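*Asks:* here is a sequence together with a model predicted from it:
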Amino acid sequence: ISTPLILLLVASLFLPQSPLHDGAVIVRGNQILAAVPFVIVGVSLLKGAAAFGQFYLMGMLGQRVVADLRQALFDHLLGLSPAFFTRRHSGDLMSRFAADIGAVEVAITNSIASYIRDGLTVVVMLANCFFLDWQMSLVVFGAIPITLLPVIRLGQRLAAGMPALKAARQGGDHKALATF
């Protein structure tokens, strides 16, 4: 989704009738317009290379962490007493270890990159808002806490009424349920 938006923004900067064109880019003949397709291809290639690098490096990190975790787990298992293994089924242990280690690998390869990418997106978008119109940004972001207060109060009131709702639902009190 972001690539078409970036390409549209880059292209609109060079068109004189564009609302984003403020006269800062002077079109001399067709020189700048001829460069637009190359800029578009370059941005796409750069984005693709960055995505490949991210997935490759995060995959390598996830595999290293999983290997270290498995090694530590097997070292720990070797140190356990035989009584532990008589109380547990080996299939349960194997299944549990495989599922837990798989969950750790997914968390490392997907979640960490997503948190970093989303965090950077928020920071860049906030900076862009203030760059475009800092007065409007102050008004909008100053209004967020004011609008959150009623929402938080409503949530607290709903949470306080939840035990009564559960009791009415379990007791079959239809009149009490109708009030909620």
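*Replies:* Done, it's in.
*Asks:* check the offset of the longest helix along the chain from the chain's centre.
*Replies:* Longest helix in the chain, counting residues (DSSP state H): helix 31-78. Taking Cα atoms, centre = their mean, to the nearest Å, the mean C-alpha location of helix 31-78 is offset from the chain mean by 16 Å.
*Asks:* ok, now stretch 146-165?
*Replies:* Using Cα atoms, centre = their mean, the offset of stretch 146-165 from its chain centre is 27 Å.
*Asks:* buried set for it?
*Replies:* Under the neighbour-count criterion of 16 or more other Cβ atoms under 10 Å, stretch 146-165 has nothing buried. Every residue, glycine included, has its C-beta placed from N, CA and C.
*Asks:* alpha carbons only: can I get it in CSV?
*Replies:* Extracted in CSV, the C-alpha atoms of stretch 146-165 (Å, rounded to 0.1, in the frame of the first residue of the first chain):
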residue,chain,number,x,y,z
ILE,A,146,-9.7,15.5,26.1
THR,A,147,-11.6,13.0,24.0
LEU,A,148,-10.0,10.0,25.8
LEU,A,149,-11.3,11.1,29.3
PRO,A,150,-15.0,10.3,28.5
VAL,A,151,-14.0,7.1,26.8
ILE,A,152,-12.0,6.0,29.9
ARG,A,153,-14.8,6.9,32.2
LEU,A,154,-17.3,5.0,30.1
GLY,A,155,-15.1,1.9,30.2
GLN,A,156,-14.7,2.1,33.9
ARG,A,157,-18.5,2.3,34.3
LEU,A,158,-19.0,-0.6,32.0
ALA,A,159,-16.3,-2.7,33.9
ALA,A,160,-18.0,-1.8,37.2
GLY,A,161,-21.3,-3.1,35.9
MET,A,162,-19.9,-6.4,34.5
PRO,A,163,-20.2,-8.4,37.8
ALA,A,164,-23.9,-7.5,38.0
LEU,A,165,-24.4,-8.5,34.4
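*Asks:* alright, calling it a day.
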